[in-house]
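Student: mind looking at a prediction? Sequence and model below.
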Amino acid sequence: MSRTRGAAAVLRNNNTEILLVLHHWRKGGSSWILPGGGLMPGEHPSDAAVRELAEETGLHGRLVRFLFTIPYDIGISWTYLVEVEPDAQISLGHDPEDIKSKHKMLQDVAWFPIAEVAHYPEIQKVMQALQHMP
């Protein structure tokens with residue numbers, strides 16, 4: 001089964017920091033990724049990106065533009081540049097799929113200097129897409 005997801009690339013401090021969430025996977029292991037998740041029935045990937053950003057980080061964003069698609073283990077992720085208020089405070093949210101589960105996928109949320117995470121494939125794609133913006 002293929003699953004489409006929407007993801008939000010949120011930057012601050014003149015595009016030197018990026019927002020990531022730590023996911024602890026059900027099959028084991030964890031990774032820092034862009035906020036995002038699967039689409040609700042009839043939902044567009046851009047709407048999912050903004051909704052997931054709010055659910056996972058407490059931030060209410062404004063869609064700026066589409067950046068790219070990238071495959072992930074069970075489908076395709078559509079990534080969008082999303083703006084938030086410069087002084088907005090992050091808070092670890094929740095994944096609605098985890099409400100009735102003992103397993104909590106979301107473990108942390110943090111701003112990272114892009115230089116520290118530039119080797120992550122998702123971040124490389126974000127930076128490439130930003131370089132090609134008009």
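Tutor: In hand now; what should we look at? Residues are numbered from 1 along each chain as shown.
Student: alpha carbons only for contacts and neighbour counts from here, please
Tutor: OK.
Student: now do the strands in the protein.
Tutor: 3-9, 11-12, 17-24, 30-33, 36-38, 62-72, 75-83, 106-113 (DSSP state E).
Student: contacting residues for residue 90?
Tutor: 57-59, 109-110 (CA atoms under 8 Å, 6 or more residues apart in numbering).
Student: do that again at 10 Å, thanks
Tutor: 19, 54, 56-60, 109-111 (CA atoms under 10 Å, 6 or more residues apart in numbering).
Student: kindly report the same for residue 69.
Tutor: Contacts of residue 69 by CA under 10 Å, 6+ apart are 4-7, 76-80, 122, 125.
Student: list just the nearest of the residues you listed to residue 13.
Tutor: residue 80 (18.2 Å; CA to CA).
Student: show me where pLDDT drops low in this protein?
Tutor: 1, 95-104, 134 (pLDDT under 70).
Student: run the last query once more with 90
Tutor: Low-confidence segments of the chain, defined by pLDDT under 90: 1-3, 23-31, 71-75, 86-87, 92-107, 131-134.
Student: in it, where's the longest helix?
Tutor: helix 45-57 (DSSP state H).
Student: relative to the whole chain's centre, how far out is it?
Tutor: 8 Å (CA atoms, centre = their mean, to the nearest Å).
Student: distance of the residue most central in space within the chain from residue 116?
Tutor: When the chain is reduced to its mean C-alpha position, the nearest residue by CA atoms, centre = their mean turns out to be residue 35, at 2.1 Å. In this view, residue 35 and residue 116 are 18 Å apart by CA to CA, to the nearest Å.
Student: residue 56 now?
Tutor: On the measure of CA to CA, residue 56 and residue 116 end up 22 Å apart.
Student: who has more neighbours out of these two?
Tutor: A count of neighbours by other CA atoms under 10 Å puts residue 56 above the other of residue 56 and residue 116, at 25 against 9.
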